[in-house]
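*Asks:* I'll drop the sequence and a predicted model, then ask my questions.
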Amino acid sequence: MAHTEPPTPPHSLSDWKVLLPYWRSEDRWKALGLLGSIIGLSFLDVQVAVWFGKWDQTFFDTMFAYRVAACIALLPIYILMTSLSAGMRVIQQYMTQVLSMRWRLWNTRVYLRKYLSDDAYYHLEHGQNRADNPDQRIADDLAQMTVWTLRLGLEAIQAVTTFLSFAVVLWTIGGTLSFVWHGWHIVIPGYMFFGTTISILLVSFVLEKAGGPLVSANYRQQHYDADLRATLLDVRRNAEQIAFYGGEAAEHFRLSECLNRIAKNWRGVMTYTWRANTVVELYTGGVNIVLWALLVPKLLAHALTFGLYSRINSAFMNVRRSLQWFIENYTDLATLRSILQRLGEFERVVVSLPAGGIVRTPTDADGIEIKALALDRSDGSRIADIGSLHIPAGERWFISGPSGAGKSTMLRALAGLWTQGTGHISFNMRDAMFLPQRSYVPAGSLLQALSYPATPDRYARDACEEALLAANLAVLMPDLENEAAWGDVLSPGEQQRLAFARVFLARPSTLFLDEATSALDEKNEADLYARLLERLPHITLISVAHHAALKAFHGQEMILREKSVTVQRLL
Ligand code: ADP
């Protein structure tokens, strides 16, 4: 795994577009209904909080007038307000979870469809435009995107509503400050509102200066953490090879490097955090002094009751909390932005696939038609000039040539996985099958692995047993129902025989083999080819192979060299 330098936090506005499609989907009315209700509830909640402030004033003024009976009479309103507020919050959270789940499921289904269409999953790994860790993007980023967007979005709306509602309260009850200064009569309406807002904005500015770089340090931290995870995963996946090599020291070195990067960046995170914390702590301690300073004119005018103090205090704290929300969640907004950037990149890569000039046309006609085929690398350099070929139905071609000549790439082009180059390919693609050197063996029951790519209910049990027998895998018959990671359990040779058993079941009319028997001994290899021709005597067969003994099963040989292609009759 290559260590890359982390990108800087993204600033592209277009990444926000990733949020939109769900709101235009068939689920949009339900989604908008839920969102509307959630926002409505959060407005109501703020209004109850304003009502609470007013009640506070009445309650404390009544209390300090020692009117016990009137105080008790105010309690039912208190119970009503708290129940309303609690009920609304519980319902709001529940609805948010429902919306978040619906959004995530919808998005994940769409992404899975895109990922598994047009060989996008293959091109993302091997193509020119790659996007790393598509698994992380589909599984984690989509889940986090909905949760974070809803949490941050709703909190932002709540913060704005709270700010506006309590700003009005502060403005109204705070009154006007008027005084004479150097002969000037100065009048400041809503001075409490201005005092609060200005002091908080001032602190925000200082906070940004002291802890601002924390955002990018946190962003880098995520990248380095992911590096460590990926390196550990590498060790896990290649445990056997590493153990054979005795590569513990080299792995330890790689992992220590990851850890060193984490440690170095972590020091930056700590520095910016303690600086930001100092400002926040000083401010939290000193904020009462700001409030008291703002109350001085009221005290001097003997216009402050305990009830009024309590109400101003609550309005002041609410305005402060709502303004501070934007400062405190600056980091989270940056995290959300990086999630959106990763998803946006995934979409762009998926949409821009594939980029090459090799055209494939499916046809019902038998045989394979190749016209002026040239295979290029992604940098434009030529791998092989295949030219034009007609392979009639039922012919068997043996493809040979030195390593690196482009044999596998030609098969990839035939399968539609390699599009860089020029030319035209057409054959009956519906009825064709490709066997690579390493066949994919999914975990699950052996029946599932055998039926792949069809579902396990496709073939009768007898047919499956018979296919195993024909592929010299009779020992596996009792295991058909057993679940295991068959890709790890079976040896490479057994996996290649299993792939042939699949061919016996699927009975394709055209078969492409890319060193599909390379792990087998000569007898097993010859057995498989003989059984294949016995069972499917009319098959069109294209085999890329190195073992000259296999030529006996073919009628033509195509030799691919760096600058030339020769076709000669065998037999
Ligand atoms: P062969 O099967 O004849 O041994 P390949 O078809 O595997 O050869 O490779 C032919 C050439 O194509 C090689 O030079 C190799 O570097 C290049 N090539 C194959 N796959 C890729 C890839 N995914 N990206 C870039 N180059 C590739």
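*Replies:* Now that the structure is in, tell me what you want to look at.
*Asks:* Torsion angles phi and psi at residue 424?
*Replies:* phi -130, psi 140 (degrees, to the nearest 10).
*Asks:* Tell me, what's the model's pLDDT at it?
*Replies:* Reported pLDDT at residue 424 in the predicted model: 95.
*Asks:* burial count for it?
*Replies:* 14 (other C-beta atoms under 10 Å). The C-beta positions use only the backbone N, C-alpha and C, and glycine is treated the same way.
*Asks:* isn't it right up against residue 368?
*Replies:* No. Here residue 424 lies out of contact with residue 368, judged by C-beta atoms under 8 Å, at a distance of 11.5 Å.
*Asks:* What is the neighbour count of the closest residue to residue 294 other than its chain neighbours?
*Replies:* Leaving aside its sequence neighbours, residue 294 sits nearest to residue 195 (C-beta to C-beta, 6 or more residues apart in numbering; 4.7 Å). When neighbours are counted by other C-beta under 10 Å, residue 195 registers 19.
*Asks:* distance of residue 195 from the ligand?
*Replies:* Residue 195 is 65 Å from the ligand, where distance means C-beta to the nearest ligand atom, to the nearest Å.
*Asks:* For that residue, pull up the helix or strand it's in.
*Replies:* If you go by DSSP states H and E, residue 195 is part of helix 191-211.
*Asks:* Check which element follows that helix along the chain.
*Replies:* helix 214-237.
*Asks:* Next secondary structure after that next one?
*Replies:* helix 239-245.
*Asks:* Now the element after that following helix, going C-ward?
*Replies:* With DSSP H and E, the next secondary element past helix 239-245 is helix 248-300.
*Asks:* picking that back up, and the angle for the helix holding residue 195 with helix 248-300?
*Replies:* 160 degrees (axes from the mean of the first three to the mean of the last three C-alpha atoms, to 10 degrees).
*Asks:* Determine how far helix 191-211 lies from the middle of the whole chain.
*Replies:* Its chain's C-alpha centre and that of helix 191-211 lie 37 Å apart, by C-alpha atoms, centre = their mean, to the nearest Å.
*Asks:* quick one: buried residues of it?
*Replies:* 191-197, 199-200, 203-204, 207-208, 210-211 (16 or more other C-beta atoms under 10 Å).
*Asks:* Likewise for stretch 271-287?
*Replies:* 272, 275, 276, 279, 280, 283, 287.
*Asks:* Below-threshold pLDDT in the stretch 51-200 of the chain: ranges please.
*Replies:* 127-130 (pLDDT under 70).
*Asks:* At the contact with the ligand, which residues of it appear?
*Replies:* residue 126 (C-beta under 6 Å from any ligand atom).
*Asks:* for the stretch 51-200 of the chain, what spans make up the strands?
*Replies:* 176-181, 184-189 (DSSP state E, counting those that start in this stretch).
*Asks:* Around the ligand, which positions in this protein sit nearby?
*Replies:* So far as C-beta under 6 Å from any ligand atom goes, the chain lies against the ligand at 126, 377, 383, 401, 403, 404, 405, 406, 407, 408, 409.
*Asks:* Out of the residues you listed, who's the most crowded?
*Replies:* Ranking the residues of the chain next to the ligand using other C-beta under 10 Å puts residue 406 first, with 26 neighbours.
*Asks:* what's the distance between the closest residue to it other than its chain neighbours and residue 544?
*Replies:* Residue nearest to residue 406 in three dimensions, not counting chain neighbours: residue 384, with 3.4 Å by C-beta to C-beta, 6+ apart. To residue 544, residue 384 is 13 Å away according to C-beta to C-beta, to the nearest Å.
*Asks:* Kindly report the same for residue 286.
*Replies:* 76 Å.
*Asks:* who are the neighbours in contact with the most centrally placed residue in the chain?
*Replies:* The residue lying closest to the centre of the chain (C-alpha atoms, centre = their mean) is residue 137, at 1.3 Å. Going by C-beta atoms under 8 Å, 6 or more residues apart in numbering, residue 137 touches 111, 131, 342, 343, 346.
*Asks:* switch the cut-off to 6 Å
*Replies:* By C-beta atoms under 6 Å, 6 or more residues apart in numbering, the contact set of residue 137 is 342, 346.
*Asks:* so how far is residue 177 from it?
*Replies:* Distance from residue 137 to residue 177, by C-beta to C-beta: 55 Å.
*Asks:* ditto for residue 215
*Replies:* Residue 215 is 38 Å from residue 177, by C-beta to C-beta.
*Asks:* Can you give the contact residues for stretch 382-396?
*Replies:* 366-377, 397, 406, 409, 538, 540-541, 554-555, 565.
*Asks:* run the last query once more with 7 Å
*Replies:* Residues outside stretch 382-396 that contact it (C-beta atoms under 7 Å, 6 or more residues apart in numbering) are 366-377, 397, 405-406, 409-410, 538, 540-541, 553-556, 560, 565.
*Asks:* Report the buried residues of that stretch.
*Replies:* Quick answer for stretch 382-396 (16+ other C-beta under 10 Å): 383, 384, 385, 386, 389, 391, 395, 396.
*Asks:* pLDDT of it, averaged?
*Replies:* Stretch 382-396 comes out at a mean pLDDT of 93.
*Asks:* Check the offset of it from the chain's centre.
*Replies:* 41 Å.
*Asks:* same question, stretch 78-97
*Replies:* 33 Å.
*Asks:* Report the buried residues of it.
*Replies:* 85, 88, 92, 95, 96.
*Asks:* Looking at those residues, which are in helices?
*Replies:* 85, 88, 92, 95, 96 (DSSP state H).
*Asks:* how about these in CSV, adding distance to residue 332?
*Replies:* Listed next are these as CSV, based on distance: C-beta to C-beta, whole Å:
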residue, distance to residue 332
85, 25
88, 24
92, 19
95, 21
96, 16
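*Asks:* Not counting sequence-adjacent ones, nearest residue to residue 517?
*Replies:* Closest to residue 517 by C-beta to C-beta, 6+ apart is residue 525, at 4.4 Å.
*Asks:* Just the element for that neighbour, please.
*Replies:* helix 522-535.
*Asks:* So for that helix, what gets flagged as buried?
*Replies:* Taking 16+ other C-beta under 10 Å as the criterion, helix 522-535 shows 524, 525, 526, 527, 528, 529, 531, 532 as buried.
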